[in-house]
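predicted model and sequence follow; I will ask about them next.
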Amino acid sequence: MFTRLVTAFSAIPDAPVALMLRVFPALVFWQSGRTKVEGFAIKESTWFLFEHEYALPLIPPEIAAVMASVAEHLLPVLLILGLCTRLSALGLLAMTAVIQVFVYPGAWVTHGLWAAPLLAVLARGPGRWSLDFLAGLEGGPDRAAGHGASHGTGR
């Protein structure tokens with residue numbers, strides 16, 4: 001019975017799994033980004049939070065607020081589209097680390113849930129359902145041969 005379960009689970013295609021690994025963490029950051037802006041302007045509450053609540057070292061709060069607002073809109077879109085995927089995942093992973101260390105150090109479980117799929121994307125690539133794959137930027141040597149189970153390609 002166990003062998004049958006393993007066989008059944010092994011038949012799950014990689015492409016939709018890779019897409020979900022990109023979409024769900026992207027939505028977390030997108031929603032956070034939407035709370036920081038109104039239209040194309042950064043909200044007063046965002047300026048206040050970065051100046052008084054989020055104690056980031058080395059980065060002035062005015063710059064940090066803009067960087068976070070832009071990154072939380074741009075990187076999730078790129079991640080969902082699967083364009084510059086690994087770099088986008090790395091950027092969101094870096095943001096997660098900064099948030100964990102400097103902003104909400106007690107929320108390590110939540111941040112771990114964000115980090116795990118981002119690390120999977122870094123390690124395995126965006127999968128077949130990505131613009132990187134369609135553009136030939138991901139897929140490895142098996143892509144040209146039409147094989148589907150290598151890193152970054154999905155099935």
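Happy to help now that I have it. Residues are numbered from 1 along each chain as shown.

only C-alpha atoms from now on, for both contacts and neighbour counts.
Will do.

find the helix or strand that Gly91 is a member of.
Taking DSSP states H and E as the definition, Gly91 sits inside helix 85-98.

any idea which helix or strand comes after that helix?
In N-to-C order, the element after helix 85-98 by DSSP H and E is helix 108-124.

what packs against that following helix?
Counting contacts by 3 or more C-alpha pairs under 8 Å, 6 or more residues apart in numbering; DSSP states H and E, helix 108-124 packs against helix 14-36, helix 85-98.

quick one, it and helix 85-98 angle?
Going by axes from the mean of the first three to the mean of the last three C-alpha atoms, to 10 degrees, helix 108-124 is angled at 160 degrees with respect to helix 85-98.

following helix 108-124, which helix or strand shows up next?
Counting by DSSP H and E, the next helix or strand C-terminal to helix 108-124 is helix 131-134.

what are the C-alpha coordinates of that next one, in PDB please?
What follows is helix 131-134, C-alpha atoms only, in PDB (Å, rounded to 0.1, in the frame of the first residue of the first chain):
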ATOM      1  CA  LEU A 131       8.200  32.900 -18.600                       C
ATOM      2  CA  ASP A 132      11.800  32.000 -17.700                       C
ATOM      3  CA  PHE A 133      11.200  28.500 -19.000                       C
ATOM      4  CA  LEU A 134       9.400  29.700 -22.100                       C
END
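
so where's the chain shaky on pLDDT?
Applying pLDDT under 70 to the chain picks out residues 140-155.

quick check, central residue of it?
By C-alpha atoms, centre = their mean, the chain has its centre lying nearest to Ala89, at 4.0 Å.

wait, it touches Leu118, no?
Yes - assessed by C-alpha atoms under 8 Å, Ala89 is found in contact with Leu118 at 5.3 Å.

what's the neighbour count on Gly139?
26 (other C-alpha atoms under 10 Å).

distance of it from Pro126?
9 Å (C-alpha to C-alpha, to the nearest Å).

and Thr7, by the same measure?
Distance from Thr7 to Pro126, by C-alpha to C-alpha: 24 Å.

now Leu21
Applying C-alpha to C-alpha, the value for Leu21 to Pro126 is 9 Å.

okay, these two: which has more neighbours?
Applying other C-alpha under 10 Å to Leu21 and Pro126 shows that Pro126 carries more neighbours, namely 36 against 22.

alright, that wraps it up for me.
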